[in-house]
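In: Predicted model and sequence follow; I will ask about them next.
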Amino acid sequence: MADLFDNMPDLQPERPRAKAAPEPAGHRPLADRLRPRSLDEVIGQEQVLGAQAPLGAMLEAGSLSSLILWGPPGVGKTTIARLLADASDLAFVQVSAIFTGVADLKKVFEAAKLRRGQGRATLLFVDEIHRFNKAQQDGFLPHMEDGTILLVGATTENPSFELNAALLSRAQVLVLTRLDLADLERLAQRAEAEMGRPLPLDGAAREALLDMADGDGRALLNLIEQVAAWKTDTRLGVEALTTRLMKRAAKYDKSGDEHYNLISALHKSVRGSDPDAALYWLGRMLVGGEDPRYLARRITRMAIEDIGLADPQAQTICLHAWETYERLGSPEGDLALGQAVIYLALAPKSNAGYAAFKAALAEARKTGSEPPPKHILNAPTRLMKDQGYGKGYDYDHDAEDAFSGQNYFPETMKRPVYYTPVDRGHERELHRRVEFFAGLREKRRRGEGR
């Protein structure tokens, strides 16, 4: 294990845990036996539990507010809520949004009112709170406002998208993070102390076990419990470990927050011209079960948005990769998407076309009623000719340099500039052309070169 922690700060020795009350006979899962009995026993989450962190400051001031605990599975959301109730001498009530209906909530609120009348407040912990619909979320508001409950909600989804603005305005959002390797090692040591024996793993296998947990403390304890049950007198290596245990599936929800986080990481890696990072995030999404067709569509968008005319071939590469995937399917077609990502990452970048189009759309919305100048309107009828349609139009092919320099914007508009090519890739040549025509247009305006 020494190689794993060579670059990590020394881990502080675990303080002895308080003696628990006698437990009933029967098997209890390791995760339950190791559940912290006080907040200072919680591993990780110093950013919210430290003395100067939000929860530390609230408890020190004796003023706990409603909270939303946002973080991945297995990082202690339920445990922290329960310990907050203990530390604040609040009655702890736990419900799950998956199994709780409106009638159940009414009973919870009525019981909390009775409890409040007897002089004790209630901490209501709502697991998976994002699964309540907007109307159900609104049902908490009056009970939060009159002090019947102090709400602590737990969610794995981004509260900004999943929770009502009214609910968020009455609660503080605290972000819990996945456990790092040092946190997981401390948890493993605590488990070994509880079991009274070390895990039968060599250093590399122990590192692999921590990696299998993927930052999830509960998953690690479940894995440790499986390993501890093996009958062996020798320390097992990585191969023996991975033969007996399957790696925990990576956290990925194709319709949730992780989906948007990873596609953002892929897009920004491409924009940042880092093919290795782009391939990594593409791989993460494919391994997580993302639809390759969605990825093909987003990759094509990257070619249009971030490369544009700096490399016109980029869009063609993406479309060909998309077509190749449709013909081959997975896993063979995935390689075509990977090659497209490499090409995009290394292509010259320009958002000049994207920015120009957005600017033109914004201008069009503001000036949507302005007619084109009459000289560029067709005049198929006598009446239209009498109205001046087409009068004074200069046919560009008849002009010197095939360029008349006429105005094509509404006559009431000052000529804008939307497209400013960058000096990279193919747009370097387009930049030269833009300047060439701008010079000719100025000459024509002054009456030169006709």
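Out: Great, that's in hand. Residues are numbered from 1 along each chain as shown.
In: do you know how far Glu46 is from Leu55?
Out: Computed as CB to CB, to the nearest Å, the Glu46 to Leu55 distance reads 10 Å. Where you see a C-beta, it was placed from the backbone N, CA and C, and this is true even at glycine.
In: Between these two, point out the one with more neighbours.
Out: Leu55 (23 against 14; other CB atoms under 10 Å).
In: Give me the distance between stretch 168-182 and the centre of its chain.
Out: 14 Å (CA atoms, centre = their mean, to the nearest Å).
In: next one: stretch 286-306
Out: 15 Å.
In: Contacts for it, please.
Out: Residues external to stretch 286-306 that are found in contact with it (CB atoms under 8 Å, 6 or more residues apart in numbering): 250, 252, 254, 258-259, 262-263, 266-267, 270-271, 282, 285, 314-315, 317-319, 321-322, 325-326, 330, 333-334, 337, 340-341, 344, 347, 349-351, 353-354.
In: Separate out the buried members of the residues you listed.
Out: 252, 258-259, 262-263, 266-267, 270-271, 282, 285, 314-315, 317-318, 321-322, 325, 333-334, 337, 340-341, 344, 347, 349-351, 353 (16 or more other CB atoms under 10 Å).
In: Check the gap between Leu187 and Asp311 for me.
Out: Counting by CB to CB, the gap from Leu187 to Asp311 is 49 Å.
In: Share the number of residues neighbouring the nearest residue to Arg271 once chain neighbours are set aside, please.
Out: Excluding the flanking residues, the one nearest Arg271 by CB to CB, 6 or more residues apart in numbering is Asp306, at 4.8 Å. Using other CB under 10 Å, Asp306 has 22 neighbouring residues.
In: can you check Val227 too?
Out: 20.
In: can you pull the pLDDT of it?
Out: On pLDDT, Val227 comes in at 93.
In: nearest spatial neighbour of it, skipping sequence neighbours?
Out: Leu199 is the one closest to Val227 (CB to CB, 6+ apart), at 5.5 Å.
In: contacting residues for the one you found?
Out: Ala188, Glu192, Arg206, Leu209, Ile224, Val227, Ala228.
In: Which SSE is immediately downstream of the strand or helix carrying the third one?
Out: Put plainly, it is Arg206. For Arg206, the host element (DSSP states H and E) is helix 203-213. Of the helices and strands lying after helix 203-213 in sequence (DSSP H and E), the nearest is helix 217-228.
In: what helices or strands is that following helix leaning on?
Out: helix 30-33, helix 181-195, helix 203-213 (3 or more CB pairs under 8 Å, 6 or more residues apart in numbering; DSSP states H and E).
In: and Phe92, which of the ones you listed is closest to it?
Out: Phe92 sits nearest to helix 30-33 of all the helices and strands packed on helix 217-228, at 16.2 Å, using CB to CB.
In: Just the buried positions in the helix or strand just after that closest one, please.
Out: Using DSSP H and E, the next helix or strand after helix 30-33 towards the C-terminus is helix 46-49. By 16+ other CB under 10 Å, the buried positions in helix 46-49 come out as Val48, Leu49.
In: pLDDT on helix 46-49, on average?
Out: Here the average pLDDT along helix 46-49 is 93.
In: Next: stretch 110-128.
Out: 94.
In: got the phi/psi numbers for the residue nearest to Arg271?
Out: phi -110, psi -10 (degrees, to the nearest 10).
In: Distance of it relative to Ser264?
Out: For Asp306 relative to Ser264 (CB to CB), the value is 13 Å.
In: Likewise for Ala438?
Out: Taking CB to CB, one finds Ala438 at 37 Å from Ser264.
In: Assign a three-state SS to Tyr393, would you?
Out: When classified by DSSP: H, G, I helix; E, B strand; the rest coil, Tyr393 comes out as coil.
In: can you count the residues close to it?
Out: Tyr393: 16 neighbours (other CB under 10 Å).
In: what's the answer for Gly392, then?
Out: Neighbours around Gly392, by other CB under 10 Å: 10.
In: what sits against the closest residue to it other than its chain neighbours?
Out: Of all residues not flanking Gly392 in the chain, His375 sits nearest, at 4.4 Å (CB to CB, 6+ apart). Residues counted as contacts of His375 (CB under 8 Å, 6+ apart) are Gly388, Gly390, Lys391, Gly392, Tyr393, Gln406.
In: Show me the strands in this protein, by range?
Out: For the chain, the strands defined by DSSP state E cover 67-70, 91-96, 122-127, 149-155, 172-175.
In: Please convert those strands to CSV, extending it with mean neighbour count.
Out: Compiled in CSV, the strands of the chain are given as follows (neighbours: other CB atoms under 10 Å):
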stretch, mean neighbour count
strand 67-70, 25
strand 91-96, 16
strand 122-127, 24
strand 149-155, 25
strand 172-175, 16
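In: now the closest residue to Gln339 other than its chain neighbours: how far from Leu361?
Out: In space, and not counting its chain neighbours, Gln339 is closest to Ala321: 6.6 Å by CB to CB, 6+ apart. Noted for Ala321: a distance of 29 Å to Leu361, by CB to CB.
In: Would you mind measuring from Gln433 to Asp401?
Out: To be clear, residue 433 is Arg; Gln isn't right here. 12 Å.
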